[in-house]
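>>> give me a 3D structure for the following:
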Amino acid sequence: MSDNIWYLYFFIIVIAEILAIWLLTEWSQKDETYLIILGIISYILVAIFFALLMRTIKGNKLAIVNAIWQVFGLIAVTILGIWLFNEKLHLYQWIGVVLAIVSLILLCVGEIVQD
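Residues are numbered from 1 along each chain as shown. Predicted coordinates for the structure are as follows:
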């Protein structure tokens, strides 16, 4: 198995988590049973692929991978909330999103410099 397969696992985790959040948000507004079932299935996929990710990286860079995952999720869910649910962010919330993006850039640059 390729050493870079963790990128695929990471991508699937982020997409599955975003899908789960969207499905559960939809369920909270529409109360359709299939939405909560699909949301739970999406979170199960997150758990499965997170386990595969941990096996692949063998705990190495766990903190970095988790931080990147959280920031990607924050950015994607923020975009989803604004786009699909017409949510509004206040100044401090926008500052938080910008700081999260800055932290993502620093984490990625730090990994490049370290390797």
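>>> and the most centrally placed residue in the chain, which of the three is it?
Taking C-alpha atoms, centre = their mean, the centroid of the chain lies closest to residue 73, which sits 3.0 Å from it. Of the three states, residue 73 takes helix under DSSP: H, G, I helix; E, B strand; the rest coil.
>>> contacting residues for it?
By C-beta atoms under 8 Å, 6 or more residues apart in numbering, the contact list for residue 73 reads 14, 17-18. Every residue, glycine included, has its C-beta placed from N, CA and C.
>>> again, 6 Å this time
Contacts for residue 73 (C-beta atoms under 6 Å, 6 or more residues apart in numbering) come out as residue 17.
>>> check residue 80 too.
Here residue 80 is in contact with residue 22 (C-beta under 6 Å, 6+ apart).
>>> state the distance from it to residue 54.
Counting by C-beta to C-beta, to the nearest Å, the separation of residue 80 from residue 54 is 26 Å.
>>> likewise for residue 25?
Taking C-beta to C-beta as the measure, residue 25 and residue 54 are separated by 28 Å.
>>> residue 12 now?
Separation of residue 12 from residue 54 (C-beta to C-beta): 14 Å.
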